[in-house]
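Student: from the sequence below, what's the structure:
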Amino acid sequence: MINTCVLVGKVVEPPEIRTTSKGNTVATLLVEADHPFRNEDGSLSADLFQVTLWKGIAEECASVCRPGDLIGIKGRLQASVNEKNGRSFYNCNVVAEKVSFLSQRMKALNGEL
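Tutor: Have a look, this model is predicted:
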């Protein structure tokens, strides 16, 4: 079985970083990705994806990612089911395995220019 996704989008808000009880660094990031087609009214819609980043990727993203920055993410989808009042709610988020910084500002910070 293969569970791989690739996402290119803009950072919506700065990553929230924390440390787990086992000492691992984890961050969450909200990324907006435009649809490749226009709606009935001619506008572009977008989807919001919650991305989980671990350890070094979390630390690096927390230090350089700002709202509006363009990033590429390769990772996997992680699904969960929550029960509330007898109803099931299904959630899906992206767990990042690799992040590429695509904005010029971010490339300059990493010495890529």
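Student: make it CA atoms for all contacts and neighbour counts henceforth
Tutor: Will do.
Student: tell me which other helices or strands the longest helix seen in the chain touches.
Tutor: The longest helix of the chain (DSSP state H) is helix 55-64. Counting by 3 or more CA pairs under 8 Å, 6 or more residues apart in numbering; DSSP states H and E, the packing neighbours recorded for helix 55-64 are strand 5-19, strand 25-38, strand 87-101.
Student: for the shortest one, which residues meet the burial criterion?
Tutor: Meaning strand 25-38. Neighbour-count burial for strand 25-38, with 16 or more other CA atoms under 10 Å as criterion, is recorded at 25-33.
Student: closest to Leu48 out of those?
Tutor: Glu32 (4.6 Å; CA to CA).
Student: nearest spatial neighbour of the closest one, chain-adjacent residues omitted?
Tutor: Nearest residue to Glu32 in three dimensions, chain neighbours excluded: Leu48, at 4.6 Å (CA to CA, 6 or more residues apart in numbering).
Student: look at that neighbour and give its secondary structure.
Tutor: strand (DSSP: H, G, I helix; E, B strand; the rest coil).
Student: that one contacts Val31, correct?
Tutor: Yes - using CA atoms under 8 Å, Leu48 makes contact with Val31 at a distance of 5.6 Å.
Student: now stretch 95-102: average pLDDT?
Tutor: Averaged over stretch 95-102, pLDDT sits at 94.
Student: what about this structure, any weak spots by pLDDT?
Tutor: Residue ranges of the chain with pLDDT under 70: 105-113.
Student: need the outlier residue of the protein, farthest from its centre.
Tutor: If you look at how far each residue of the chain sits from its centre, by CA atoms, centre = their mean, the farthest one is Gly86, at 30.3 Å.
Student: please name the bridge partners of the most centrally placed residue in the chain.
Tutor: By CA atoms, centre = their mean, the chain has its centre lying nearest to Val51, at 3.2 Å. Note on Val51: beta-bridge partners by DSSP bridges are Leu29, Val94.
Student: once you drop chain neighbours, what's closest to Leu30?
Tutor: Nearest non-adjacent residue to Leu30, counting by CA to CA, 6+ apart: Gln50, 4.8 Å away.
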